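S.K.: Following is a predicted model, sequence given first.
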Amino acid sequence: MIDAHAHLWLKQHGKVDGLPVYDLGGGRSRFGREIRQMLPPAMTDGINSAERFLAHMDFSRVGGAVITQEYIDGNQDDYLRKVRETWPDRFRVCALYEENGVPDTEGMDGIKICGGRLKDPDLLRHAAVFEAADRRGLFLGIDMADGEAQTGALRELAGAYPGLRIAVGHFGMVTRPGWEEQIRLACLPNVYIESGGITWLFNAEYYPYPSAVRAIRTAAEICGMHKLMWGSDYPRTMTAITYRMSWDFIEKSPLLTEEEKQRFFHENAAAFYRFGPLPELPVIRHMAE
């Protein structure tokens with residue numbers, strides 16, 4: 001399995017709506033004007049390291065993961081370069097675009113654009129990032145504004161750079177009106193969809209998220225299962241569920257065939273993010289079995 005959407009940091013130093021985000025201990029963070037449980041409570045020191053994530057991955061038999069970024073965590077480029085260098089077979093990493101020019105992508109696999117948080121939401125004014133990613137052979141990950149606010153611009157940019165691999169995150173903001181328009185972007189040959197955050201978006205329904213599975217089925221009917229990839233949005237979603245729960249509700253569903261699940265969990269992401277051979281991870285029985 002490959003997780004197409006996860007986060008790592010040694011120190012959180014981000015912003016939300018212009019206000020700071022930082023660790024308070026016990027997994028809690030100051031999140032603008034409020035306090036949020038940002039990490040599972042046992043992560044008392046606020047460190048969301050690769051070593052801790054690998055322990056979750058190994059137990060859940062997830063061979064590889066793509067580390068994306070978000071403004072709320074602060075720029076983690078330096079740390080992610082070290083992660084990529086230390087575990088080259090397990091991780092692919094993104095540089096964070098911060099509207100201050102094309103980021104340094106040395107040692108990186110892709111560039112992340114937080115589309116819904118851009119000060120200038122017109123993606124056409126950020127075309128230089130798309131051009132640079134295409135020229136450097138990188139992928140581009142983007143979490144878009146709700147609905148179809150940015151779909152026209154992304155469609156134009158995907159057409160202008162047909163060799164650029166583009167991954168739309170948060171499953172097109174699936175619980176927001178017009179989400180299907182983001183999924184339709186994946187009818188283009190170079191655009192894919194990853195499901196990081198889908199359990200967050202369906203949190204009110206909670207496990208086993210039947211509406212989320214139906215949304216995956218709907219998306220497959222729009223663009224084909226070969227364009228969809230699983231993502232967990234680790235570690236924030238782990239404040240509500242375990243890492244294994246972030247995927248096993250899909251594994252247990254009868255709405256997808258075994259072939260479709262194999263594509264969703266592994267094959268599509270392996271090709272898109274250019275993973276090589278992944279480790280064979282043994283089944284470890286847990287103490288409740």
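M.R.: That came in fine, so what should we check first? Numbers count the residues shown, from 1 in each chain.

S.K.: When you work out contacts or count neighbours from here on, use the C-alpha atoms and nothing else.
M.R.: Noted.

S.K.: ok, now how distant is the residue lying closest to Leu201 once chain neighbours are set aside from Ala212?
M.R.: In this structure, Leu201 finds its nearest non-sequential neighbour in Thr175, 6.1 Å apart by C-alpha to C-alpha, 6 or more residues apart in numbering. Thr175 is 9 Å from Ala212, where distance means C-alpha to C-alpha, to the nearest Å.

S.K.: list residues touching both of these two?
M.R.: Contact with both Thr175 and Ala212 is made by residues Phe202, according to C-alpha atoms under 8 Å, 6 or more residues apart in numbering.

S.K.: So for these two, which residue has more residues nearby?
M.R.: Under the neighbour definition other C-alpha atoms under 10 Å, Thr175 and Ala212 were set side by side, and Ala212 has more, 24 against 19.

S.K.: Surely the more buried one touches Trp200?
M.R.: No - contact between Ala212 and Trp200 fails when scored by C-alpha atoms under 8 Å: they sit 10.3 Å apart.

S.K.: Just the strands from this structure, written as ranges.
M.R.: With strands called from DSSP state E, the chain shows them at 2-6, 13-16, 19-25, 28-31, 34-37, 64-67, 91-96, 110-114, 139-143, 165-168, 191-194, 228-229.

S.K.: could I have the first one exported to CSV, CA atoms only?
M.R.: The C-alpha trace of strand 2-6 is given here as CSV (Å, rounded to 0.1, in the frame of the first residue of the first chain):
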residue,chain,number,x,y,z
ILE,A,2,1.0,3.6,-0.6
ASP,A,3,-0.3,6.6,1.4
ALA,A,4,-0.6,9.5,-1.1
HIS,A,5,-1.2,12.2,1.6
ALA,A,6,0.5,12.5,4.9
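
S.K.: Contacts made by that strand with the rest, please.
M.R.: The contact list for strand 2-6, computed with C-alpha under 8 Å, 6+ apart, reads 62-68, 169, 194-196, 229-235, 265-266, 269-270.

S.K.: Now do the helices for the stretch 101-250 of the chain: every range, in order, please.
M.R.: Under the criterion DSSP state H, counting those that start in this stretch, helices of the stretch 101-250 of the chain are mapped to 127-136, 151-160, 179-184, 198-201, 210-223, 245-251.

S.K.: Check which helices and strands the fourth one sits against.
M.R.: The one in question is helix 198-201. Of the remaining helices and strands, none touches helix 198-201 by 3 or more C-alpha pairs under 8 Å, 6 or more residues apart in numbering; DSSP states H and E.

S.K.: who's in contact with it?
M.R.: 170-171, 173-175, 206, 209, 212, 232, 237, 246.

S.K.: if we go to 10 Å?
M.R.: 169-176, 205-209, 212-213, 215-216, 230-233, 236-238, 240-241, 245-247 (C-alpha atoms under 10 Å, 6 or more residues apart in numbering).

S.K.: before we move on, the earlier item: mind checking the strands of the chain for the one nearest to Pro282?
M.R.: For these, the distance to Pro282 is smallest for strand 64-67, at 14.6 Å, taking C-alpha to C-alpha.

S.K.: residues near Pro277, how many?
M.R.: Pro277: 11 surrounding residues under other C-alpha under 10 Å.

S.K.: Who are the contact partners of the nearest residue to it once chain neighbours are set aside?
M.R.: Take Pro277 and drop its neighbours on the chain: the residue closest to it by C-alpha to C-alpha, 6+ apart is Asp89, 7.3 Å away. By C-alpha under 10 Å, 6+ apart, the residues touching Asp89 are 63-65, 275-279.

S.K.: Can you flag which of those belong to helices?
M.R.: Among the contacts of Asp89, no member falls in helices (DSSP state H).

S.K.: how about these in CSV, adding distance to Thr105 and pLDDT?
M.R.: Below are these laid out as CSV (distance: C-alpha to C-alpha, whole Å; pLDDT from 0 to 100):
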residue, distance to Thr105, pLDDT
Gly63, 24, 97
Gly64, 20, 98
Ala65, 18, 98
Phe275, 18, 97
Gly276, 20, 95
Pro277, 24, 95
Leu278, 24, 96
Pro279, 26, 95
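
S.K.: Of the residues you listed, keep whichever come out buried.
M.R.: 63-65, 275 (16 or more other C-alpha atoms under 10 Å).

S.K.: one step back: reformat the helices of the stretch 101-250 of the chain as CSV; add distance to Phe53 and mean pLDDT.
M.R.: Below are these laid out as CSV (distance: least, C-alpha to C-alpha, whole Å; pLDDT from 0 to 100):
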stretch, distance to Phe53, mean pLDDT
helix 127-136, 27, 98
helix 151-160, 32, 98
helix 179-184, 29, 98
helix 198-201, 18, 96
helix 210-223, 24, 97
helix 245-251, 14, 96
